[in-house]
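Participant: Okay, sequence plus prediction incoming.
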Amino acid sequence: MKSQSISRRHFLKTSATAATAIAATSPTALLAAGPYGGNSIPLGVQLYSVRKECANDLPGTLAALAKMGYKGVEFADYFGRDAGSLRNLLDNVSLACVGSHIRPFDSLLGDNLSRTIEFNRVLGNRTLIVPELPKKYTETRQGWREAADLFGELADKLKPHGMRIGYHNESTEFKPLDGEMPWDTFFSRAKKEVVIQLDTGNAAAGGADPVALLKKYPGRVLSLHVKAFSKLKPNALIGDDELPWQEIFSICETTAGVKWYIIEYESDLYPPLVAVEKSLQVMRRWGKC
């Protein structure tokens, strides 16, 4: 991840006003502050879905997503740009930064953490999501416990900056390890300030029930990756798959705590921009945007 170089003095000065800065009145900050449009949950898109398009023409891709009707984007790559440039691109098309997948994990540790905080402060991002962990944390139940404790420490360090730390699932978290699903080992131990980003498609691929997962940790699911899962149609869009979407949305909008729906489509049935627009159209038909 490309971060800006800062002095310790500058970091201390800027971090003291980080929470205020993020709450500034730019389009990015206003959208990221909470649900868009009353009590509805706003709709964002994970830029991994359109990564090639972003690499080729980031300004044009962001403009296209905004024109479709998306309210925010989540980063998985910064496409070689610094935080200030990215922030300007988002503000120009009134898109919020609703989160970022932080890689490598070491960027959250030691002296790297201050640089990561500053990068995300400038970007206008308050949600740092870890999409994968080093093997030393995932091979044993004890490793997952240690990861949970570390995330708790990170949550405490990020809180003064108005930021949160969370974890995003693949499918392996739902394969029993030492008699328990790693997902439960982790979130039953991690303090409640460590938020959940649930990926519905990945969870179902791992044999888990997204409905049960949403119910188990009420108030902690900050964002939902709206991803299809179908055994019969591996390339299915949402609505053409086997997930109980209306039940999923009902829990998200009542007890789960979800603040953003984030579309992610990784298959190749449609061109990426077509796929995310079709997904948005389905959400619109369902009255979700």
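Facilitator: Nice, I can see it.

Participant: What distance do you get for Gly201 to Asp77?
Facilitator: 20 Å (C-beta to C-beta, to the nearest Å). Heads up, the C-betas are built off the backbone N, CA and C, glycines and all.

Participant: Check Asn56 too.
Facilitator: Relative to Asp77, Asn56 is positioned 13 Å away (C-beta to C-beta).

Participant: More neighbours: which of Gly201 and Asp77?
Facilitator: Counted by other C-beta atoms under 10 Å, Gly201 and Asp77 do not tie: Gly201 has more neighbours, with 23 against 16.

Participant: got the phi/psi numbers for that one?
Facilitator: phi -70, psi -40 (degrees, to the nearest 10).

Participant: Excluding chain neighbours, give the residue nearest to the spatially most central residue of the chain in space.
Facilitator: Against the mean C-alpha coordinate of the chain, by C-alpha atoms, centre = their mean, the closest residue is Gly99 at 4.8 Å. Spatially, and ignoring its direct neighbours in sequence, Gly99 is nearest to Thr127 (3.9 Å; C-beta to C-beta, 6 or more residues apart in numbering).

Participant: who touches the one you found in this structure?
Facilitator: 98-100, 163-164, 166, 195, 222-223 (C-beta atoms under 8 Å, 6 or more residues apart in numbering).

Participant: tally of neighbours for the closest residue to Thr200 other than its chain neighbours?
Facilitator: Nearest non-adjacent residue to Thr200, counting by C-beta to C-beta, 6+ apart: Pro210, 4.6 Å away. By other C-beta under 10 Å, 24 other residues sit near Pro210.

Participant: All the strands of the stretch 1-150 of the chain, residue numbers only.
Facilitator: 43-46, 72-75, 96-101, 127-130 (DSSP state E, counting those that start in this stretch).

Participant: ok so, going back, with the contacts of Thr127 in mind, which one is nearest to Met68?
Facilitator: Distance to Met68 across the contacts of Thr127 (C-beta to C-beta) is lowest for Val98, with 15.5 Å.

Participant: follow-up on the earlier one: okay if I get the contacts of Thr127 as TSV plus distance to Thr172?
Facilitator: Shown next, in TSV, are the contacts of Thr127 (distance: C-beta to C-beta, whole Å):
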residue	distance to Thr172
Val98	25
Gly99	21
Ser100	22
Met163	27
Arg164	24
Gly166	17
Val195	20
Leu222	21
Ser223	20
